[in-house]
Every structure is written in C-alpha cells, then in structure tokens.
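*Asks:* Generate coordinates for the sequence data below:
(chains A and B)
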Amino acid sequence: MAALQLLVNGVALGAAYALVALGFVLVLNATSAVNFAQGDLVMAGGLLAVAAAPLIPLPGIVLLPVVLVLMAALGLLLALAAYLPLRRRPPVSVFISTIAVGIILQNGAAILFGPEPRAAPPLFGDDTLHIAGLAVPEQSLAIVAVAGLLIGAQQWVFARTQLGRRLRATAQDPEMARACGVPVTAMILVTFAIGAACAGAAGLLLANRYFVTPTSGGDLILKAYIAVTVGGWGSVPGAVVGALLIALFEVGVSSVLSYPAALGALYLTLLAILVLRPQGLFGEAVRRRG
Amino acid sequence: MGERHSPAETVALIAGALALLVYALAFASPYGLRILTVAGVYALATFGFQIVFGLGGALSLAQGAFFGVGAYVTGILGSRFGLGFEVTFPLSMLVPLLLALPVGLAVLRLESHYFALATLGIAQVLHLLAVNLPELTGGSNGLAGVPAAVLFGWAVPRGLPMAGLVWGLVALGGLIGWRLAGGRLGRSLTMLRDDPLAAATLGLDVGRLRLIAFGISALFAGAAGALAVHTQRVVSPEVLEFPVMVSILTIAIVGGRGQMAGAVLGAVLLLHLPEWFRFLERGYLVVYGVALLATVVLAPDGLTGLLDRIAARLFSRRPRASVEAKEPPRPQNSPDGLAVDDLRKSFGGVRAVDGVSLELRPGSITGLIGPNGSGKSTVINLLSGLERPDAGRVRLGGRDVTGTRADRLARAGLARSFQAAVLPNGAGVLEAVAAARLAVDPDARTAEAHARWALDRLGAGDLAGKGCDGLPAALRRRVELARSLVRRPAVLLLDEPAAGLTDGEKAELAALLRELAQEGVAILLVEHDMGFLLPLAGRVLCLDRGRVIYDGPAGGVRRDPAVAAAYLGRAVPA
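*Replies:* Numbering: from 1, shown residues only, chains lettered A, B, ... in the order given. From the prediction side, this is the model:
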C-alpha cells in the first residue's frame, strides 16, 4: 500500500518533470543548443502564477492559459536575445548566453519576490480523495491530467499538423528544411515559445505542492538534463520516460532516506550513467551535427 | 595569445599594476581594500578557469565547487585542528585536485555539454554534503573562527597586508598561467578546443590534455578558496553555491576568454560593479547576467579583445621576428609500412567498407580510386583511427593497431590530410603548422622552427607570417600538407590533395610526393584526377560500394571493365 502511495506521488511529480524535459529536448532538437535557462523558466512560470493568483481569484486551471501565453512570449524573447544572435557561433556560446538569461531570471525574481518560498493556488481544489485506502490529493490527479493533456496536445501538433511537420523538418535538418521552403527562423522561434510554455506549465503545476523560490531552477535544469541524458540525448519519448524514472527514484529514495540523500544519489547515478552509458539507457537519438 | 608581449602590452600591464598599487596604498578605504582583496581571490580562481575553459574549451561548472572545497579544507583544518597556513594552503590546493582527477578521467572524453552537466552535478553533491554533514562542516551555519594566514610566524592582518598577500599570489599565479597559456600546453589546448578531431590526428591526446587542464583549474580554485576564507575568517555553504561559479564564468568571459590579463581586469571590474548597484541588494547578480549576455552577443573576445583591437589601430603591429628554419629529426624506429587485412565497417545497414585489404610499403605510392560514396574516405578514417573498424586487422610496421585511437596512431608515425583542409581560425600559418609538432617537440619555439622548415620545403616560406583565414584553397592545402610533412611520418594518407590545383601546382605536388617516397614514406593517395594519379602510383585499388573491384598496376586501370562499369554505372556481369 505504501508503495502504491509513493507511486501516485512519483507519477504526479514525474508528469511535471516530463513537461520540463520535453521543453528542453524540443529546443535541443530544433537548434542543437542546450537551453540552460529551462529550469529558471519553470521557476518564472511558478512565480507568474503566484503573482497572477490575487488578480484572478479563480482556481489555478484558469491561470494556466495566462501562464502559457506569457511564458511563450518570454520564450520568444529568450530566442531573440540569447539564441538568434549566436546561431553561427560554437554551441558553447548559446550555453553561456542561456546561463546568463537564467541568472537574470533568477536574480530578477529574487528582487521582485524576495527569497521566501511561495505557493501557487491548486489547479482545482485542495481536497484529498480516498480511493481504496489510498490518500490521493486532488492536485496530484490534476497535475497528471493537465501534464498528460499538454504533452498529448504537443504530440498531436507535431504529428498531425502542417506546423508540426515544419517544426519536425527544422529539427531534423535545418539546411534541408530551408531549401524546401520552411521558414526555419520562425520555426525556431515557435519551438522556443513552446519550450518556455512547457516550462511555465510545469512551474504552475509544481508551485502548489512543492512551493517555488527564485533559486529552484538550478535543481530543475539538472533534472531535465538528467532525464534527457537517461532517455537518450534528443529522444522526445525518452525524455518523458526519463523524467518519470527520475521522479519515482526521487520519491522512493526520499521516503527511505531523505530528500538530500535522494538528490545526492540521483547525481551520483547520473555520473555513473555518463561514464558507463554516455548514449543514455535507451541509446542516443541525435548525433552531433557537423 | 602565446606570443611574447609587445611593448604596448607590457606598458599597459605595468600601468595597470601601478594604478592598482597607488589605489590600494593611497586611496582605498578599509572596505575598498576588502573588495580589492576579494577581486584578487576571484582573479586567482579565474586563472584556472581560463586554462580549462578559455583555452581548453571544456565548460567546467565545478570551478566554483573546487573554490568551495579549498575554502572548507582551510576552514576545517584551521578552526577545528588549529593547523597553520603552511599545511592548510597546500592541502586546499591538493584536495580539489584529488577530486578533479577521477571525475576528469571519467567524463573528459565526452562532449562538452555532458562535461558541463557532470561538473554541475559534482558541485551540487558537494553543496549537499556541506549542508548535511554538520559534524564536519558546521552545516548551514558553517564554521567561524578561521585563523588568519600565518607567514613565517607573522599573522597577516586584514587590510593592506592581506591585500598584499593575495595580490602577490595573483601576480605569481598570473605569471604561471600566462607561461602555460603561451607554451606547449596552452597551444595544444586551443588546438583541441577549436577542432578536437584534427588535434587527435596530429597526435594530441585530447583526454589527457583536458585532464591536465582540469587539474590545473582545480589547483587555482583551491588556492583562491583558501585565501577567501582567510579574508572572511568564516566558511559557510555559500562558498559552494552557484553564484561563485557565475562570478568566475562572468569574469572570464567579460575579461576575455583564455586571457590571464582578462581574468584580472574582469575580476577588478566585476567585483566593484555591485557597489554601483547596491539598491539591488542580493539581486546584484542580475548585473552579472546582463554583462555576461551582452559580452557573449556583442563582444565575444571580451574586454582584452576590445583593448587589443584598439591597440592594433593605434600602434602598427611589430612584424614577428622571423624564425630560423630547422629540420625536424626523423623519429627513431619508424614503422615500415602499413598492412590492412579484410577491413569492414557498416553505418546502420550500409556497408561502407566491405573486406578491403591493402599494403602500403615504405617508398611506395598507392592510389585509391572509386566513385563518390564508394568508401574511400571511410578507409582513410579507419586507417587514421577516426572510426573503429567492425572487423579486420590493421598492422603498422608489424604491430597490430586495429582500433587504436587516432592520437596514438599519429604519434606512432601516421599522418593524414582531410578533403577540406582544416586549419584553425584566427591562427597564423606558422602557428598552425607548428601545432602539428606540439605532441613531440619540447617547446613551442622548436615546433615553430620545424614548421618553418616544412613550409620552406613546400615553397611556402613566405606564408609563415600570414594568417590562415582568407587563404585561397590551393594555399590552404599546401599549409595542411606542411602539417603532415613536418611530422616526418612513415605513413602518409592524403585525401584528394590535388583537387583545385592548377597544372603547374599539380606537377610540383607530384614531384614532392615522389621525393617523399624516395625518402621511404609509404603514401596512400585518394584521388579523382587520373591524369595526376596514374603516372605517380605504382599500384592502384578501385573501390565500389565498399568492395575492392580492382587491385593492380596503375597502367591496367583504364582498361579494366569492372572499373569502367563502376564509374559509368553499367551492370557488372556476374
């Protein structure tokens, strides 16, 4: 029974992590650039929800579209300031420019909100449901449902729409896509917007049960990174599975030992994976572009 | 980088040092001195970062963590065990080094972003340990009562003496860093930063060099951490938090990547910057973020890069002293030729190389021809160690070298050229050719003398003072050939060396290759130009879809029906 309880908590956490990792891997595939600000974007989404909550005194689910739109705009800004000017430079330039954006977001948030942990309103309600002896918080179910819907919507857009085909073409081979008339720059901007919106949604989902502080982005980018590494660098389903695995690991180890021990074990596992299987547990999806 | 300083640079350095000295002695308040001291501490930490990241291109996010480890070593040993500076300072450097080596061994061959991730993970683990091991580290409160640094029985007080100690070590560390950057290590590191594949084919051991750079970075960071604790007299988990890393990264980029002077300039500037933005309180790092972003986008060479450009406008560059040419010695016991037996390599389901056997004897020129996509370049990549064969055996001078790494093969006497000449951007021609000797010569100066010899031999001595950027294709090829030649290889693999050359240049190249063969070099020549190849080669192999379809004297190629079919696309009768 305890194990089932942990499973429920782990899946809820993993659903939110999956959104973070998804946004990260989409940008990675479209640009081969590592967006180091992804964790801080999650934090920004959470704090946006915190700030908007008093203005819109309705359940969190109503805040979701607001957060999605604002975060998409922030993603566009990020691409314009930190990616597009550097696209012809070595990849490490973008790595550093997104670190810079992360620093700006993190410390900007500290100035605006102070260092205290904040909580966003729950998506629907704060009640706990009792299903067959399991105590399931409503929020956990809501997180899984909302994250599942968003990931499903993203998959649908990528698989079934003209926009999605163009986005995939851009991710696969930007030169070829451009030659076929795909507006590659616009597609990259859209990808950054989607990536940031995913991060923002994750921020809103996480900021109720796990609180949000200006510095919470640091751990999240590491977890997104680990999820993508575990799932196979560049693989979208791999990133989602990796995120779920990480969350289950974290919840499981925390329950036996402690959260810091879980985090430490996670990083050590990551180092072991990098040494033993740098291609990820499921194989690497993208090879380096020349 | 790597050059001896020009008089203008020396004047600027001395003027800068004097200005700092005058400020410290005459104008700085106690608070101002403290900031200056901390700036020195950060400059020292950044020296190490300039070597691993600025020169080596490995984005280590553990530099802040090594700083913190150095700080804790001094803090714990000083406040708990009452050990003195002469023990704690060396240990503060040693412990980060001992941490860096196993980690570096594990991850340094991975791609850059994985290295960044792994080092960030280590930093997080160390921070967790510092907070969660209160018996050792004092937990989140840290340890107070760290003693002052004691030098020869004299406890260095805060203020001017401490600033003097720190800046004395900055001067020493900067000098060491500058010597390293300009010498063999620094040049090898920039070489592998700009093009790891080319670096490996020139015999540079990428993993080993990065490990050395990572180790050096840890030494510098540990020293800086120790001094930080002697300045603050307390140590807390703050020294392991991300802002330390952010500061070091920002200082290095804003000051100028890879430049020791940039580390000092960046540290002095950025440590004073928050004083002008005090209303931001703890959010002052916003300013660092903006400075970092603006520098990366607008001035990627940082402040020292800008100053360099201004200086270049004001003073005409002194032409570099010309280098005396010197013939590089032939390596002893060079291997006698290369033999390949039944080599196979598939990519996905495609058999790129399917059972190729060949022998390159000393003094012979062997031609390798075949239509585009027939596997010629893959054969060269397999022989030079850039790809590992799936099956088959490669013997270099009788020694089995199947699957050996590119840099080992290169050091064993194998050289190769690339189809598109790869030369480092922004480097001079002499420097680029000298880079090919870095793995063998004792120092950069000898390597340049040898490089000059190779350029002279190719009739390209007048290129020595030029830059690689903007050289026409034919000259780029010649420079690349010089890079192979200068290493006195026993086996030389050339990938379409005649492409884009005029008839006169082809004749010169042919004469040179004959000369090399007479000296005993075994040459493999991949070529499309039959008019160039056939008179030169004793033996020719033709590949089609990874298989050898012709192997025999050069004269027979034109009459061979299978070769004609492969080129013209007719079906070969079974």
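
*Asks:* Report the contact partners of residue 39.
*Replies:* In the absence of a named chain, this looks at chain A. With contact taken as CB atoms under 8 Å, 6 or more residues apart in numbering or on different chains, A:G39 is in contact with A:V20, A:G102, A:A199, A:S216, A:G217, A:G218, A:D219, A:L220, A:I221, A:L222, A:K223, A:A224. C-beta: built from backbone N, CA, C; applies to glycine.

*Asks:* meant chain B actually
*Replies:* Residues counted as contacts of B:A39 (CB under 8 Å, 6+ apart) are B:A267, B:V268, B:L271, B:H272.

*Asks:* Name the residues that touch the host helix or strand of the first one?
*Replies:* Just to be clear, that refers to B:A267. Assigned by DSSP states H and E, B:A267 belongs to helix B:260-276. Around helix B:260-276, the neighbours that count as contacts under CB under 8 Å, 6+ apart are B:13, B:16, B:20, B:35-36, B:38-40, B:42-43, B:46-47, B:49-50, B:170, B:174, B:177-178, B:181, B:247, B:250-256, B:280, B:284, B:287-288, B:291, B:302-304.

*Asks:* hang on, the earlier thing: out of the contacts of A:G39, which are buried?
*Replies:* A:V20, A:G102, A:A199, A:S216, A:G217, A:G218, A:L220, A:I221, A:L222, A:K223, A:A224 (16 or more other CB atoms under 10 Å in any protein chain shown).

*Asks:* What values do phi and psi take at the nearest residue to B:L423 once chain neighbours are set aside?
*Replies:* Of all residues not flanking B:L423 in the chain, B:C468 sits nearest, at 4.1 Å (CB to CB, 6 or more residues apart in numbering or on different chains). Note on B:C468: its backbone torsions stand at phi -70, psi -30 [degrees, to the nearest 10].

*Asks:* Around chain A, which positions in the stretch 201-350 of chain B sit nearby?
*Replies:* Residues of the stretch 201-350 of chain B found near chain A (CB under 8 Å from any CB of the partner chain) are B:242, B:246, B:249, B:253, B:280-286, B:288-290, B:292-293, B:296-297, B:300.

*Asks:* try 6 Å this time
*Replies:* Contacts of the stretch 201-350 of chain B with chain A, taken as CB under 6 Å from any CB of the partner chain, map to B:F242, B:V246, B:G283, B:L285, B:V286, B:G289, B:L292, B:L293, B:V296, B:V297.

*Asks:* Keep only those of these that are in strands.
*Replies:* Among those, DSSP state E puts none in strands.

*Asks:* need the residues of chain A near chain B, please.
*Replies:* Within chain A, the residues that sit near chain B (CB under 6 Å from any CB) are A:34, A:85, A:92-93, A:96-97, A:100, A:103-104, A:107-108, A:110-111, A:218, A:225, A:260, A:264, A:267, A:270-271, A:274-275, A:278.

*Asks:* Do a quick rundown of the strands in the stretch 51-200 of chain A.
*Replies:* A:128-131, A:134-137 (DSSP state E, counting those that start in this stretch).

*Asks:* just checking, which of the ones you listed sits deepest inside the structure?
*Replies:* Mean neighbour count (mean count of other CB atoms under 10 Å in any protein chain shown) peaks for strand A:134-137 among those, with a mean of 15.

*Asks:* What pairs with that one, parallel or antiparallel?
*Replies:* strand A:128-131 (antiparallel) (DSSP bridges).

*Asks:* Output the partner strand as CSV, restricted to C-alpha atoms.
*Replies:* Taking C-alpha atoms only, strand A:128-131 is exported to CSV below (Å, rounded to 0.1, in the frame of the first residue of the first chain):
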residue,chain,number,x,y,z
THR,A,128,-7.6,14.7,-0.7
LEU,A,129,-9.6,11.8,-2.2
HIS,A,130,-9.6,8.4,-0.5
ILE,A,131,-9.7,5.7,-3.2
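
*Asks:* how far is stretch B:96-109 from where the chain is centred?
*Replies:* Remark: stretch B:96-109 is offset 17 Å from the chain centroid, using CA atoms, centre = their mean, to the nearest Å.

*Asks:* pLDDT averaged over that stretch, what's the number?
*Replies:* Mean per-residue pLDDT for stretch B:96-109: 85.

*Asks:* touching chain A at all, that stretch?
*Replies:* Yes - residues of stretch B:96-109 are located near chain A by CB under 6 Å from any CB, namely B:A106, B:V107.

*Asks:* For that stretch, which residues meet the burial criterion?
*Replies:* The neighbour-count check on stretch B:96-109 (16+ other CB under 10 Å) flags B:P96, B:L97, B:L99, B:A100, B:V103, B:G104, B:V107, B:L108, B:R109 as buried.

*Asks:* Let's have the residues you listed in CSV, adding secondary structure.
*Replies:* As requested, these are exported to CSV (DSSP: H, G, I helix; E, B strand; the rest coil):
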residue, secondary structure
B:P96, helix
B:L97, helix
B:L99, helix
B:A100, helix
B:V103, helix
B:G104, helix
B:V107, helix
B:L108, coil
B:R109, coil
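
*Asks:* Pick out whichever of these sits closest to chain A.
*Replies:* B:V107 (5.6 Å; CB to the nearest CB).

*Asks:* Can you get me a residue count around the residue nearest to that closest one when sequence neighbours are not counted?
*Replies:* Leaving out its chain neighbours, the residue that sits closest to B:V107 by CB to CB, 6+ apart is B:A118, at 4.4 Å. Neighbours of B:A118 under the rule other CB atoms under 10 Å in any protein chain shown: 27.
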